[in-house]
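Trainee: here's my sequence, what's the structure:
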Amino acid sequence: MPEKNRLMRVLKKDDLGAIVSIDEVATKRSRRDYYQRKFDTILNSTHNINSSIVCEVDGRVVGFVMGDVYFGEFGIPETSATIDTIGVHPEYRNRGIAAEMLDQFMMNMKAAGVKKVYTLVNWDDFTLEKFFARQKFTPAKLVNLECQLP
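Mentor: The predicted structure is shown next:
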């Protein structure tokens, strides 16, 4: 059941602490430096669109979707976007917040002229795979390549 005071909005500087906290609960470690770099890039870039979304319930940030818009990078000629990080505080999971944030993200991307949205999911993260499948994501025709450095 949706909360009465649920608000979807674009990420802002003051959201850093809440996002770090939500991620720390999920990953059991602090990634403050990672998120600080992401915030610096998202909020200080003159070449990119702030496409990241947060969800507030009663004024508290309880979820986020972070992504980027690309204008022809990686050999993909059309404007595309990626979702690289998504999180919902455990107290607010299974209430449709992640799906609602993703809907807002997709609506924003469509308005920005994006034709495709990409994300990566660990091969064995079945919960996340099922979530994205319910949101109409399918396996891409791209091959993710990696090189392990010694």
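
Trainee: got the CA positions of stretch 78-89 in PDB?
Mentor: Output of stretch 78-89 as PDB, limited to C-alpha atoms (Å, rounded to 0.1, in the frame of the first residue of the first chain):
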ATOM      1  CA  GLU A  78      21.500   6.300 -30.200                       C
ATOM      2  CA  THR A  79      21.100   8.100 -26.900                       C
ATOM      3  CA  SER A  80      21.100   5.500 -24.100                       C
ATOM      4  CA  ALA A  81      21.100   5.400 -20.300                       C
ATOM      5  CA  THR A  82      22.400   3.100 -17.700                       C
ATOM      6  CA  ILE A  83      21.200   2.200 -14.200                       C
ATOM      7  CA  ASP A  84      24.200   1.400 -12.000                       C
ATOM      8  CA  THR A  85      22.900   1.500  -8.500                       C
ATOM      9  CA  ILE A  86      19.500   1.000  -6.900                       C
ATOM     10  CA  GLY A  87      18.500   0.700  -3.300                       C
ATOM     11  CA  VAL A  88      15.600   0.700  -0.900                       C
ATOM     12  CA  HIS A  89      15.800   0.800   2.800                       C
END
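
Trainee: list the buried residues for stretch 18-33?
Mentor: By neighbour count on 16 or more other Cβ atoms under 10 Å, the buried set for stretch 18-33 is 18-20, 22-23. Just so you know, the C-beta spots here come from the backbone N, C-alpha and C atoms, and that holds for glycine as well.

Trainee: scratch that, stretch 93-111
Mentor: In stretch 93-111, counting by 16+ other Cβ under 10 Å, buried: 95, 97-98, 100-102, 104-106, 108-109.

Trainee: and of those, the nearest to Val10?
Mentor: Asn108 (8.1 Å; Cβ to Cβ).

Trainee: can I assume that closest one sits in a strand?
Mentor: No - counting by DSSP: H, G, I helix; E, B strand; the rest coil, one finds Asn108 to be helix, located in no strand.
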